[in-house]
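Visitor: Build me a model from this:
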Amino acid sequence: MDVQHEDCAMKTKKKKCRGDRKRQRFRRQLYHQGLDSDTVKRKEEEKFGSQSSSM
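Guide: Here you go, the predicted structure:
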């Protein structure tokens, strides 16, 4: 019975949410160019709109 319970737990494992990967890659690219956080935030909102990103 214990083995069946463990199998059931493994089947229902939920995939972790990693957030908006496209936004994260864009921010990393801007930081790599040497821009400060205010500029990065402004450029991100220009490109993707004013949705709040989870950070």
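
Visitor: What ranges in this protein fall below the confidence cut-off?
Guide: Applying pLDDT under 70 to the chain flags the ranges 1-10, 52-55.

Visitor: So which residue is dead centre in it?
Guide: By CA atoms, centre = their mean, the chain has its centre lying nearest to Gly19, at 2.4 Å.

Visitor: Let me know the secondary structure of that one.
Guide: Counting by DSSP: H, G, I helix; E, B strand; the rest coil, the backbone at Gly19 sits in coil.

Visitor: Just want to check the distance between it and Gly34.
Guide: 24 Å (CB to CB, to the nearest Å). The way it works is simple: take the backbone N, C-alpha and C, and place the C-beta from them, glycine included.

Visitor: circling back: quick one: the residue nearest to the centre of the chain and Lys11, what's the gap?
Guide: To Lys11, Gly19 is 25 Å away according to CB to CB.

Visitor: before we move on, what about Glu45?
Guide: Between Glu45 and Lys11 the computed distance is 40 Å (CB to CB).

Visitor: before we move on, the earlier item: which phi and psi does the residue nearest to the centre of the chain have?
Guide: Note on Gly19: its backbone torsions stand at phi 80, psi -170 [degrees, to the nearest 10].

Visitor: Let me know the distance separating it from Arg27.
Guide: Distance, Gly19 to Arg27, by CB to CB: 11 Å.

Visitor: Give me the contact list for the helix or strand harbouring Lys41.
Guide: Using DSSP states H and E, Lys41 falls within helix 37-48. Residues from elsewhere that reach helix 37-48, judged by CB atoms under 8 Å, 6 or more residues apart in numbering: 20, 22-23, 26-27, 30-31, 35, 53.

Visitor: Quick one: distance of that helix to the chain centre.
Guide: Computed by CA atoms, centre = their mean, to the nearest Å, the chain-centroid distance of helix 37-48 equals 16 Å.
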